[in-house]
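the following comprises the amino acid sequence and a computationally predicted model.
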Number of protein chains: 2
Amino acid sequence: MPKVSEEHLAARRAQILDGARSAFARHGYDGATVAKLEEAIGLSRGAIFNYYDDKLAIFQALAAEDSRRWLADFDEIGIDGLLRRLAEQDPAWSRVYIEVVRRVATDPEFAKRMAEREPEPEQRAAGEHIAELQAEGVLRDDVDRKSIAAFVNLLAYGLMMFGVVDERADIGEVLKLVHGGIDAPK
Amino acid sequence: MPKVSEEHLAARRAQILDGARSAFARHGYDGATVAKLEEAIGLSRGAIFNYYDDKLAIFQALAAEDSRRWLADFDEIGIDGLLRRLAEQDPAWSRVYIEVVRRVATDPEFAKRMAEREPEPEQRAAGEHIAELQAEGVLRDDVDRKSIAAFVNLLAYGLMMFGVVDERADIGEVLKLVHGGIDAPK
């Protein structure tokens, strides 16, 4: 495939994802009709679904984009940076996640399709990153990396829910407690 | 009011709440129609709505029941017991919460009614309980009780979400990390 075409492809995909992200945040997952997606993206349905099979595929691409960013955050700005970003995440976007989580729990067909596409490698990589920090003596090593990852995930879900229900937490103080939990003894 | 009538009232309310809890867990909040509530409760709509104004009032009574139980758990079995119970909570019931949280976030009229009725005293009491544990030297006192309460709430929301998305955590290992975070230094 010639290079110009690859660039065009990437630009189109970015345009679709950016527009869809706004449409989902604004109208919710169910509320983001094809007409509203077309309007937010600025492309016809024919063009949009030439790049992605359907609305769920677009959401999954956005979730994969988030996963990659969270993992990059984990590497670059650490657990603190990751949790701070989640605490500041647009509640409108967190709501879309809550909506999809609920749909997964109540709609077996939707759940099946989510499971088929769910990206797993990112989660393994987070565990590897934790193992490295344990080996370096940054994180405690008397609790396995899976449980430390679960602990961080629990807090991540919690921060997302806090945003949605408009509960406040002093993230700096919460991070003190998190570090008390996961840091290697000094 | 004569005593027999008070007992009758309490028994009827308990019957309504128990039946409604099953109906919500089984069909979801939106899915639990009045007909399904009648069936699960075993009373006519006339009788049910003689005790509670509407479906939302029933859900709020169930949420208040949960709050009271969580607070009692906090007193009787501590943060460990509370988080262990949340980790074991029926995901079908957690889904109802997620559904209501989403509705609060997307339906301003519903949010207004939730806010009007939301019971606050329980939350204050949890903060007081934490302050006592700080004074007794069980919990660290260099982080304010509000932030410790927020930390526990974040984990509680996280455990609820884990149940709904079917993610697993070794709760014993997670509790080690929690205690590392919140316990007073030995």
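Cool, got the structure.

where in chain A is pLDDT low?
Applying pLDDT under 70 to chain A flags residues A:1-4, A:117-124.

nearest residue to the middle of chain A?
In chain A, the centroid-proximal residue (CA atoms, centre = their mean) is residue A:66; its distance is 3.5 Å.

so that residue sits in a helix?
Yes: according to DSSP: H, G, I helix; E, B strand; the rest coil, residue A:66 belongs to a helix.

measure it to chain B for me?
Applying CB to the nearest CB, to the nearest Å, the value for residue A:66 to chain B is 15 Å. For every residue, glycine as well, the C-beta is placed using N, CA and C.

and the strands in chain A?
Counting by DSSP state E, chain A has no strands to list.

could I get the full set of helices for it?
Using DSSP state H, the helices of chain A run over A:3-27, A:34-41, A:45-51, A:55-88, A:91-106, A:108-117, A:121-135, A:145-165, A:171-182.

the last one versus helix A:121-135: what angle between them?
Inter-element angle recorded for helix A:171-182 and helix A:121-135: 70 degrees (by axes from the mean of the first three to the mean of the last three CA atoms, to 10 degrees).

now swap in the second one and tell me
Computed with the same axes, to 10 degrees, the direction of helix A:34-41 lies at 60 degrees from that of helix A:121-135.

angle of helix A:34-41 against helix A:55-88?
Using the same axes, to 10 degrees: helix A:34-41 against helix A:55-88 is 60 degrees.

buried ones in helix A:34-41?
The neighbour-count check on helix A:34-41 (16 or more other CB atoms under 10 Å in any protein chain shown) flags A:36, A:37, A:38, A:40, A:41 as buried.

same thing with the last one?
Neighbour-count burial for helix A:171-182, counted by 16+ other CB under 10 Å, picks out A:171, A:173, A:174, A:175, A:176, A:177, A:178, A:180, A:181, A:182.

same question for the fifth one.
Taking 16+ other CB under 10 Å as the neighbour-count basis, helix A:91-106 is seen to contain the buried residues A:91-102, A:104-106.

touching, residue A:89 and residue A:162? I think so.
No: Residue A:89 is not in contact with residue A:162 according to CB atoms under 8 Å; the separation is 10.2 Å.

who's more crowded, the two?
Neighbour totals were compared for residue A:89 and residue A:162, and residue A:162 leads with 22 against 17 (other CB atoms under 10 Å in any protein chain shown).

distance-wise, check the nearest residue to residue A:145 once chain neighbours are set aside relative to residue A:163.
Once flanking residues are discounted, residue A:145 sits nearest to residue A:130: 4.2 Å by CB to CB, 6 or more residues apart in numbering or on different chains. Going from residue A:130 to residue A:163 by CB to CB, to the nearest Å gives 24 Å.
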